[in-house]
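Participant: Structure for this input, please:
(2 chains)
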Number of protein chains: 2
Amino acid sequence: MSRQALVIGIGTGNPDHLTLEAVAALNRVDVFLVADKGTAKQDLIGLRTEICRQVISHDRYRVIEVPDPERGPDRGRNTVQYQDAVQRWHRERAARYADIIRAEVGGDGTVGFLVWGDPALYDSTIRIVQSIRDHGRLPLELTVIPGISSLSLLAARHKIILNRVGQPIHITTGRRLVEEYHPGLGDVAVMLDGDLSCSRLVHDHPELGIFWGAQLGLADEVLISGALAEMIEPIQRARAELRAARGWVMDTYLLRPPADNG
Amino acid sequence: MSRQALVIGIGTGNPDHLTLEAVAALNRVDVFLVADKGTAKQDLIGLRTEICRQVISHDRYRVIEVPDPERGPDRGRNTVQYQDAVQRWHRERAARYADIIRAEVGGDGTVGFLVWGDPALYDSTIRIVQSIRDHGRLPLELTVIPGISSLSLLAARHKIILNRVGQPIHITTGRRLVEEYHPGLGDVAVMLDGDLSCSRLVHDHPELGIFWGAQLGLADEVLISGALAEMIEPIQRARAELRAARGWVMDTYLLRPPADNG
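Facilitator: Residues are numbered from 1 along each chain as shown, chains lettered A, B, ... in the order given. Now for the predicted structure:
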């Protein structure tokens, strides 16, 4: 018999977006492991704690913060040396998690990992658990509980469908957007974009529309939509204000070519 | 004061995948409008009824089936005549829905529309409600409740992330897949594919992997994954068997290029 590992999508911070399956899963967890990302994220950890408090009906669970190992310099991404360093870092982290689970979770116990949004989109938690199992040599039976992603919530709040009729949707990162973009991709959703890379598309694609949302599901949620060329400055201002007020901002957006047949 | 319209994502048929927000929304609805798609879908209507029965804590709601107006022949898609016919059909449907809402839902009442999966992905319900409001000339205050999409559930069941590290995700339809496909799109998720179009990619892209799932969330759920070239026949067989057993099959899949840096 091996320990259970539950990777639970919890949406973007509003407990109402938990599924009934996620609520049941949260209630089954003995120990939650939370990566300690430093004080800047203390607010986010607070949100997670509040979600647990609201929906878990017992007080037998524990939350353990796992400090991340020191990460080497983020340079020379393509060198063999860099790749080796990343791999070493991942193994160290896996070993650290495995040690904590062995020490803190009983042999038939359940360890839980909370994931913002949906574990299936631009999140590394599933890989971490597989790495704990494989590199940490700790048998774990993994179950993944899907969650409402920030993209789903963005669409719901703007009352839009992510695709136009019969057209594709492309999901990419801020890092790749400018190099990748062309209108044949369909509607393009952008994740992990720390500095609104879409601003660099305004010149070549003044026809694009944007649907932007930040702190989706939270009390300070902001939505802006319209022509990219007109809205990019208001969005940049709103984003800076949100960051100043809370210390962090989580945002995502959809870029839409103008209507033709859709 | 206008009537409320709630478009509620209910996942793929398993009540556990409802969010707390969706459960609350279902409990606020006076009248559910359900498109009547003929006897082939009677089974699906039964699933929806069962979800309502399980999570709605009162018996004051009603479910009204709305027969779809006759649709013209599906030919000459690009002719002006065809486009006109489609528009006329959409307006007739909107007018019919508007009449039913006026007759059956009080002036401060709430009408509900249940959507499989997530209303943001390849679903027309939001457009229908906007059309009821605009073409049916019926004021409606629209709220959209996001749901767990079949893609989220596919990824959760296979315990995968839809993207490789830092890479894009492309979501497209069976109709477009073969024409659109190239490895630069990243991982490609396919929706609305009635006949496994990926079989036509095997020859040119024998390197692709596939993660396939059918009847996701239901008792007869089936998952198959592996090399596309090896798995396409088992998947075709499984799909035919599911359809024969239940009268319908709902499936989706992800195509993944081989690992390089991801």
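
Participant: can we go C-alpha only for contacts and neighbour counts from here?
Facilitator: OK.

Participant: Isn't A:Leu121 up against B:Asn163?
Facilitator: Yes - between A:Leu121 and B:Asn163 there is a contact under CA atoms under 8 Å: 6.7 Å.

Participant: SS state for A:Thr252?
Facilitator: strand (DSSP: H, G, I helix; E, B strand; the rest coil).

Participant: Give the full set of residues in contact with it.
Facilitator: Shown in contact with A:Thr252 (CA atoms under 8 Å, 6 or more residues apart in numbering or on different chains): A:Ser150, A:Leu151, A:Leu154, A:Ala189, A:Val190, A:Met191, A:Leu192, A:Asp193, A:Trp212, A:Gly213, A:Ala214.

Participant: Could you list which of those residues belong to strands?
Facilitator: A:Ala189, A:Val190, A:Met191, A:Trp212, A:Gly213, A:Ala214 (DSSP state E).

Participant: neighbouring contacts of stretch A:30-37?
Facilitator: So stretch A:30-37 is contacted by A:60-68, A:104-105, A:109-114 (CA under 8 Å, 6+ apart).

Participant: Off-centre distance for that stretch?
Facilitator: The chain centroid and the centroid of stretch A:30-37 are separated by 16 Å, computed with CA atoms, centre = their mean, to the nearest Å.

Participant: again with stretch A:155-164
Facilitator: Using CA atoms, centre = their mean, the offset of stretch A:155-164 from its chain centre is 19 Å.

Participant: what do you get for stretch A:97-108?
Facilitator: Per CA atoms, centre = their mean, the centroid offset for stretch A:97-108 relative to its chain is 25 Å.

Participant: Now that stretch: buried residues?
Facilitator: A:Tyr97, A:Ala98, A:Ile101, A:Val105 (16 or more other CA atoms under 10 Å in any protein chain shown).

Participant: what does stretch A:211-229 give?
Facilitator: A:211-217, A:222-225, A:227-229.

Participant: pLDDT below threshold where in the stretch 151-262 of chain A?
Facilitator: A:260-262 (pLDDT under 70).

Participant: Quick one: the strands in it, in order.
Facilitator: A:169-173, A:187-191, A:209-214, A:222-227, A:251-256 (DSSP state E, counting those that start in this stretch).

Participant: Strand partners (parallel or antiparallel) of the fourth one?
Facilitator: Paired with strand A:222-227 in the same sheet, following DSSP bridges, are strand A:209-214 (antiparallel).

Participant: got a list of contacts for the partner strand?
Facilitator: Outside strand A:209-214, the residues that reach it (CA under 8 Å, 6+ apart) are A:154, A:158, A:221-228, A:231, A:235, A:239, A:249-258.

Participant: got the angle between it and strand A:187-191?
Facilitator: Put simply, strand A:209-214 runs at 30 degrees to strand A:187-191, going by axes from the mean of the first three to the mean of the last three CA atoms, to 10 degrees.

Participant: Only alpha carbons, please: show strand A:209-214 as PDB.
Facilitator: In PDB, the C-alpha atoms belonging to strand A:209-214 read as follows (Å, rounded to 0.1, in the frame of the first residue of the first chain):
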ATOM      1  CA  GLY A 209      -9.200  43.100 -30.000                       C
ATOM      2  CA  ILE A 210      -8.200  42.300 -26.400                       C
ATOM      3  CA  PHE A 211     -10.100  40.800 -23.400                       C
ATOM      4  CA  TRP A 212      -8.000  41.300 -20.300                       C
ATOM      5  CA  GLY A 213      -8.600  40.300 -16.700                       C
ATOM      6  CA  ALA A 214      -6.500  40.500 -13.500                       C
END
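
Participant: Within range of chain B, give me the residues from chain A.
Facilitator: By the rule CA under 8 Å from any CA of the partner chain, the part of chain A lying against chain B is A:15-21, A:118-123, A:126, A:142-148, A:152-153, A:155-157, A:159-163, A:165-173.

Participant: What residues of the host helix or strand of A:Leu47 count as buried?
Facilitator: A:Leu47 is part of helix A:42-55, with elements assigned from DSSP states H and E. Buried residues in helix A:42-55, defined by neighbour count with 16+ other CA under 10 Å: A:Ile45, A:Leu47, A:Arg48, A:Ile51, A:Cys52, A:Val55.

Participant: just checking, A:Ala98 touches A:Gly136?
Facilitator: Yes - look at A:Ala98 against A:Gly136 with CA under 8 Å: they come within range, at 5.3 Å.

Participant: now the strands for the stretch 1-150 of chain A?
Facilitator: Under DSSP E, counting those that start in this stretch, the stretch 1-150 of chain A gives strands at A:3-9, A:31-36, A:62-67, A:110-115, A:140-145.

Participant: In space, what's closest to A:Thr19 - neighbours in sequence excluded?
Facilitator: Leaving out its chain neighbours, the residue that sits closest to A:Thr19 by CA to CA, 6 or more residues apart in numbering or on different chains is B:Thr19, at 3.8 Å.

Participant: What number of neighbouring residues does that neighbour come out with?
Facilitator: B:Thr19 has 30 neighbours, counted by other CA atoms under 10 Å in any protein chain shown.

Participant: didn't it look like it was pressed against B:Val55?
Facilitator: No - counting by CA under 8 Å, B:Thr19 stays clear of B:Val55, with 11.0 Å between them.

Participant: and the gap between A:Pro206 and A:Leu177?
Facilitator: Remark: distance between A:Pro206 and A:Leu177 (CA to CA, to the nearest Å) = 15 Å.

Participant: quick one: the top helix by length along chain A to strand A:62-67, angle?
Facilitator: The longest helix of chain A (DSSP state H) is helix A:80-104. Using the same axes, to 10 degrees, the direction of helix A:80-104 lies 150 degrees away from that of strand A:62-67.

Participant: From the chain's centre, how far out is helix A:80-104? Work that out for me.
Facilitator: Offset of helix A:80-104 from its chain centre (CA atoms, centre = their mean): 21 Å.

Participant: what angle separates that helix from strand A:110-115?
Facilitator: 140 degrees.

Participant: any idea how far the closest residue in space to A:Glu65 that isn't next to it in sequence is from chain B?
Facilitator: In this structure, A:Glu65 finds its nearest non-sequential neighbour in A:Val34, 4.7 Å apart by CA to CA, 6+ apart. The gap separating A:Val34 from chain B is 19 Å, by CA to the nearest CA, to the nearest Å.

Participant: what pLDDT does A:Val34 get?
Facilitator: Looking at A:Val34, its pLDDT stands at 87.

Participant: what does the one 10 residues further on give?
Facilitator: At A:Leu44 the predicted local distance difference test score is 76.

Participant: quick one: contacts for it?
Facilitator: Contacts of A:Leu44 by CA under 8 Å, 6+ apart: none found.

Participant: hmm, back to that, what angle separates the longest helix of chain A from strand A:140-145?
Facilitator: Using the same axes, to 10 degrees: helix A:80-104 against strand A:140-145 is 100 degrees.

Participant: Remind me what helix A:80-104 packs against, helices and strands.
Facilitator: helix A:125-134 (3 or more CA pairs under 8 Å, 6 or more residues apart in numbering or on different chains; DSSP states H and E).

Participant: With adjacent residues omitted, what lies nearest to A:Gly106?
Facilitator: Spatial nearest neighbour of A:Gly106, chain neighbours left out: A:Arg3 (7.6 Å); criterion: CA to CA, 6+ apart.

Participant: Looking at pLDDT only, which of the buried residues of helix A:42-55 scores worst?
Facilitator: Within the set of those, pLDDT is lowest for A:Ile45 (77).

Participant: where's that residue relative to chain B, distance?
Facilitator: 21 Å.

Participant: Could you tell me how many residues sit around A:Ser57?
Facilitator: Count around A:Ser57 with other CA under 10 Å applied: 12.

Participant: Pull the contacting residues for it.
Facilitator: By CA under 8 Å, 6+ apart, A:Ser57 lies in contact with A:Asn27.

Participant: same deal with A:Val63?
Facilitator: A:Val31, A:Phe32, A:Leu33, A:Val34.

Participant: Make a markdown table out of those and add neighbour count.
Facilitator: Putting the contacts of A:Val63 into a markdown table (neighbours: other CA atoms under 10 Å in any protein chain shown) gives the following:
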| residue | neighbour count |
| --- | --- |
| A:Val31 | 22 |
| A:Phe32 | 22 |
| A:Leu33 | 18 |
| A:Val34 | 18 |
